[in-house]
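Engineer: Everything below, folded, please.
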Amino acid sequence: MSDYEPVIGLEIHAQLRTRTKLFCGCPAEFGADPNTLICPVCLGLPGALPVLNRRAVEFAVRLGVATECAIALRSEFARKNYFYPDCPKNYQITQYEVPICSGGRVPLGGEGGATVRIKRIHLEEDAGKLLHPSDDETSSFVDMNRAGIPLVEIVTEPDIRTAAHAAAVAQSIRSILRYLDICDGNMEEGSLRCDVNVSVRERGTRDLGVKTEIKNLNSFKAVESAIAFEIKRQETLKRDDKKVEHATLLWNAASQTCQLMRSKETAHDYRYFPEPDLQVLEVSAETVERIKQSLPELPSAREKRFESELGIPEYDARLLTSSTDIADYFELVTRECGDAKAASNWVMSEVLRELNERRIEISRLRVTPEHLGRLILMVKNGAINTPTAKDVFRTMAETGTDPQRIIADTGLGQIGEDAELDSLIQKVLDDNPKVCADYLAGKEKLFKWLLGQTMKASGGRANPKRLADRLEILLEKRRRGG
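Structural biologist: Now for the predicted structure:
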């Protein structure tokens, strides 16, 4: 065990799924041509005044209620002043002293009921985006389409102690955002961005060390790798009696290292002051209660239900509930086949493998829950065996066809008639007289080889248990000279 203890906190920026930006009517879309979704308000032109997006406020309250935060019935916006080319107003409208949500927690599931505390959740607008052409080291371009996009920033308390735990917390937050349908959580497109604060201290002490902030983390793997690297770097500095500098770092995925971006700013560097163009934000207690009553079943509750009502193991339940779409799909498959464990096995193996290989969301999978449920029933009823079912599944994923039609068209139905099985077995035994004789002489391990050859001869269509039973009977007949 190391002499040092890491102390980690997360700052997650989530883009809210509103139709328009936070303070103007420009579309909040991804992928449009650069600088086509802009107006005087999001560009900060003189005389342009912000008008708050009501839907964004409701989404922030929705997240706050889901994470058991205290909802401020009166909160304030502030100006965070800084100059950067992608910040058109030279300030960002955000919340500082009085955020809309504070004091919540992120449940992580499992029997231990582990949680990480949330310090605050606040609303703010996004900045633009700098583009750096790879073939031109002297120029950069600015796309302001993202300027003004509504964000919530979720700031955790420094309760996290390992890199793996930090990645799990970030995944849990994304899962909650998706269940609430307020953010798509797509890290590749930048709609979910994670910064981490890392410090180390001597184990057993309570004082916090000097922290660094790591930016540019666009995957959960990057979150875990960057934190692990920074913990090791800070521990090395401390062992060598060197000082850890307060700084902002960038994660370089290519070199798997953290690189200095700038010395770390503090709050007074930004000269926060109340936003003069916006009134105090008031949210009624009735609105909070209405939102509370409208919440869907959240990941941790659904996980517990899968365990208690469906008998799904904790690990399986956590994986299945990580995405609301996957959880919905699993429940529909279970409803069709009546076997939650079998449905879980198929979803966690074949379905997730198909999604990963094709790099698609489950909404684009051509295998419907009803078709997969019927396929599972056919395996349970002995119509086909599992290897054949997996072949059928792959055809279903290619064509979207009902499994019964695929089996009928290709003749993949399981062989269950004794006469047909006996014929296959007799041929294998006749073709392999030495192996058969060695088995009858006492080399019983050869039974599996003979069974495998017979299954192969059946094209994988034989019922494995029935085939083994018939093979034993026919071998015993030969032993007796029948």
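Engineer: mind listing what residue 25 touches?
Structural biologist: residue 39 (CB atoms under 8 Å, 6 or more residues apart in numbering). Where C-beta positions appear, they are placed from N, C-alpha and C, glycine not excepted.
Engineer: likewise residue 192?
Structural biologist: Counting by CB under 8 Å, 6+ apart, residue 192 has contacts 12-15, 174, 177, 183-186.
Engineer: buried ones in stretch 213-224?
Structural biologist: Buried residues in stretch 213-224, defined by neighbour count with 16 or more other CB atoms under 10 Å: 213-218, 220, 222-224.
Engineer: so where's this protein shaky on pLDDT?
Structural biologist: 1, 109-113, 264-268, 411-417, 460, 482 (pLDDT under 70).
Engineer: the longest helix in it is where?
Structural biologist: helix 220-239 (DSSP state H).
Engineer: okay, now residue 65: neighbour count?
Structural biologist: The number of residues packed around residue 65, counting by other CB atoms under 10 Å, is 20.
Engineer: Go ahead and confirm it touches residue 291.
Structural biologist: Yes. Using CB atoms under 8 Å, residue 65 is in contact with residue 291, at 5.6 Å.
Engineer: Could you pull out the buried residues of the helix or strand harbouring residue 326?
Structural biologist: Assigned by DSSP states H and E, residue 326 falls within helix 324-337. For helix 324-337, the neighbour count (16+ other CB under 10 Å) marks 324, 326-327, 329-334, 336-337 as buried.
Engineer: quick one on the thing from earlier: give me the contact list for the longest helix of the chain.
Structural biologist: 2, 4, 6, 8, 163-164, 166-167, 170-171, 187, 194, 196, 198-200, 209, 212, 214, 216-217, 243-244, 249, 251, 253, 256-258.
Engineer: What residues of that helix count as buried?
Structural biologist: Quick answer for helix 220-239 (16+ other CB under 10 Å): 220, 222-231, 233-235, 238.
Engineer: Could you do stretch 400-412 as well?
Structural biologist: Buried residues in stretch 400-412 (16+ other CB under 10 Å): 401, 403, 406-407, 412.
Engineer: who's in contact with that stretch?
Structural biologist: Counting by CB under 8 Å, 6+ apart, residues outside stretch 400-412 touching it are 366-368, 371, 374-375, 378, 383-384, 388-389, 391-393, 395-396, 399, 413, 459, 461.
Engineer: From the residues you listed, keep the buried residues only.
Structural biologist: 367-368, 371, 374-375, 378, 383-384, 388-389, 392-393, 395-396, 461.
Engineer: so how far is residue 421 from residue 379?
Structural biologist: 18 Å (CB to CB, to the nearest Å).
Engineer: whoops, I mixed them up, residue 54
Structural biologist: On the measure of CB to CB, residue 54 and residue 421 end up 69 Å apart.
Engineer: quick one, which of those two is more surrounded?
Structural biologist: Ranked by neighbour count (other CB under 10 Å), residue 54 and residue 421 place residue 421 first, with 21 against 9.
Engineer: picking up where we left off before, quick one: name whatever helix or strand follows the helix holding residue 326.
Structural biologist: helix 340-346.
Engineer: tell me what that next one is packed against?
Structural biologist: If you count contacts as 3 or more CB pairs under 8 Å, 6 or more residues apart in numbering; DSSP states H and E, helix 340-346 packs onto helix 324-337, helix 369-380.
Engineer: if we can go back for a sec, tell me the two of the buried residues of stretch 213-224 that are most distant?
Structural biologist: Farthest apart among the buried residues of stretch 213-224 by CB to CB are 213 and 220. That separation is 17.9 Å.
Engineer: how about the closest residue in space to residue 90 that isn't next to it in sequence, secondary structure?
Structural biologist: Nearest non-adjacent residue to residue 90, counting by CB to CB, 6 or more residues apart in numbering: residue 83, 5.3 Å away. Under DSSP: H, G, I helix; E, B strand; the rest coil, the three-state class of residue 83 is coil.
Engineer: if we can go back for a sec, okay, the helices and strands packed on helix 340-346 in CSV with distance to residue 465 next?
Structural biologist: Listed next are the helices and strands packed on helix 340-346 as CSV, based on distance: least, CB to CB, whole Å:
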stretch, distance to residue 465
helix 324-337, 20
helix 369-380, 13
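Engineer: Among these, which comes closest to residue 99?
Structural biologist: Here helix 324-337 is closest among the helices and strands packed on helix 340-346 (CB to CB), at 26.5 Å.
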